[in-house]
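Participant: Following is a predicted model, sequence given first.
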Amino acid sequence: MSKIIQKVKGTRDFYPQEMAQRQWLIEKLRVASEAFGYQQYDGPCLEQIDLYAAKSGEELVKEQAFVFEDRGGDPITLRPELTPTVSRMVASMQNQLTFPLRWWSFGPFWRYERPQKGRTREFFQWNIDQIGSDSVLADAELLAVAARFFREVGLTPEHVQLHVNDRELMNTELSKIGVTDAQKPEVLRLIDRLDKLPADVWDKLVLDAGLNETQLADLKTLFENKELWRNSERLVQVFQYLDDLGESAYISYDPRIIRGLDYYTGVVFEAHETEGEFRAILGGGHYADLVADVGGKPAPGVGFAMGDVVIMLVLEKYGLLPTDSIDPKTLFMTIFDEDCLPATLALLAELRQAGFKVVMSEIDRLGKQFRYADRIGVKRVLVLGPSEIEKGLVVVKDLATGDQQKVQRKDLISVLS
RNA sequence: GUGCCUGUAGCUCAAUGGCAGAGCGCUUCACUGUGGCUGAAGAUGUUGUGGGUUCGAGCCCCAUCAGGCACCCCA
């Protein structure tokens, strides 16, 4: 055999079983999205690099995007995220769209990073946003969508939690302990990195950022205060709305949630597996403006993104992924022998016309045919041999129970239904 | 982009520098109108790739590729 060319680093093959799981996931997030009236959309996977130059953190494009020249020599980027694309789509149709927009999307993205567990170079992402609304209800709604999704896939509040915070609250609280506006970005960044650094190293970095010992102590009190949210009218409302929506079990307050991206201005949130085994499942928040940088009128909103990699690892951990790679309702039609073939093909056509999914066997020993049927995962096998043809019968065997019955051919469709 | 760990049959893993193995899976048969279960027999392979050291390398050294872990960043 000649050498098999390796797949591109950080990409994954989706064999039928993995593909079935991806389709299952898409179906679940579609249900969650559409339950709240969100509409599906998508943009191109290729974008001009200029689209990312303005916004969205220079590092993402400079160091993490796949960029190449097209044949005309123009730099093209494989989209590393969807936000700039949405911004453009909204800005260029702003006068014709009805706000607030409720949009969701699922598609591939690329980032040139070192692959590791939960992180690949090619991944899929669920993006969902409510654009053009500044209300707290919108913040609560997006959190409710996420909660609905978790329930839809079978993850309970014991498995996953949505950790919520308010950036404005943190700003205010930092001012209260005397952190200057100039110091805030660095301090917020350090809060974000809290559990990644050893305690003494973290303390030193805070002091290096210009805070004194008292402020360091105040800061620690701050992010250990699980009741801090009561100081934010917005969070009080969000939690009340989520309570009214019946989703509060999935929600918890966490003063350490900051989010790296600069454009978040209000409520921010991340979903984590409760045992802390994986990186964030999804992340998002409220932004003051999505489109100004691409030349539109200001459009505030709230949204989140969920990559496929981490959520699949979490679902696998809890045994919630489907394992069938073929629809188990699919039927299997054996072929008894050459002489029975015409009658078998006629029956196949009839069943498919009636809406059944039916796999046709190969002419072989019946035992082999059953074995194949069992291995591809179908649950019911039909046999049409000489004696059945003579008597107008079809044998239906249930592979799970081993039960087998002879059915009048005219009754077959109703028996199978 | 930085540091570290790993790479042997389809899968999970063994093998003091001295004939490359086990379990599971796979193929065939027992079983010419029936899968799973059982029994018997059989095939697993350029030890990721390319160099080097050595009488001799899966094992030691170098490079490279891939995966994993910690950074960085984030989904």
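Facilitator: Thanks, I have the structure now.

Participant: show me what contacts the residue of the stretch 1-150 of chain A found nearest RNA strand B?
Facilitator: Closest to RNA strand B within the stretch 1-150 of chain A is A:Lys117: 2.6 Å, counting by C-beta to the nearest atom of the strand. C-beta coordinates here come from the backbone N, C-alpha and C atoms, glycine included. A:Lys117 makes contacts with A:Phe278, A:Leu313, as judged by C-beta atoms under 8 Å, 6 or more residues apart in numbering.

Participant: where do the helices sit along the stretch 201-350 of chain A?
Facilitator: A:213-224, A:233-244, A:308-317, A:341-353 (DSSP state H, counting those that start in this stretch).

Participant: Nearest to A:Gln64 among those helices would be which one?
Facilitator: Among these, helix A:308-317 comes nearest to A:Gln64, with 15.4 Å by C-beta to C-beta.

Participant: Quick check: buried residues in that closest one?
Facilitator: A:Asp308, A:Val309, A:Val310, A:Ile311, A:Met312, A:Leu313, A:Val314, A:Leu315 (16 or more other C-beta atoms under 10 Å).

Participant: what packs against that helix?
Facilitator: helix A:16-35, strand A:122-131 (3 or more C-beta pairs under 8 Å, 6 or more residues apart in numbering; DSSP states H and E).

Participant: and if we set it to 10 Å?
Facilitator: helix A:16-35, strand A:101-110, strand A:122-131, helix A:136-153, strand A:264-273 (3 or more C-beta pairs under 10 Å, 6 or more residues apart in numbering; DSSP states H and E).

Participant: picking up where we left off before, now the helices of the stretch 201-350 of chain A as JSON lines including distance to A:Glu390 and mean pLDDT?
Facilitator: Shown next, in JSON lines, are the helices of the stretch 201-350 of chain A (distance: least, C-beta to C-beta, whole Å; pLDDT from 0 to 100):
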{"stretch": "helix A:213-224", "distance to A:Glu390": "80", "mean pLDDT": "88"}
{"stretch": "helix A:233-244", "distance to A:Glu390": "67", "mean pLDDT": "97"}
{"stretch": "helix A:308-317", "distance to A:Glu390": "50", "mean pLDDT": "91"}
{"stretch": "helix A:341-353", "distance to A:Glu390": "10", "mean pLDDT": "96"}
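
Participant: okay, these, which one's buried deepest?
Facilitator: Highest mean neighbour count of the helices of the stretch 201-350 of chain A: helix A:308-317, a mean of 19 (counted as mean count of other C-beta atoms under 10 Å).

Participant: Quick check: which ranges of the stretch 51-200 of chain A have low pLDDT?
Facilitator: A:54-62 (pLDDT under 70).

Participant: and the stretch 301-417 of chain A, which residues reach RNA strand B?
Facilitator: Near RNA strand B, the residues belonging to the stretch 301-417 of chain A are A:305-307, A:309-310, A:336, A:365-368, A:370-371, A:374-375, A:381, A:383, A:385-388, A:395, A:397, A:399-402, A:404 when assessed by C-beta under 7 Å from any atom of the strand.
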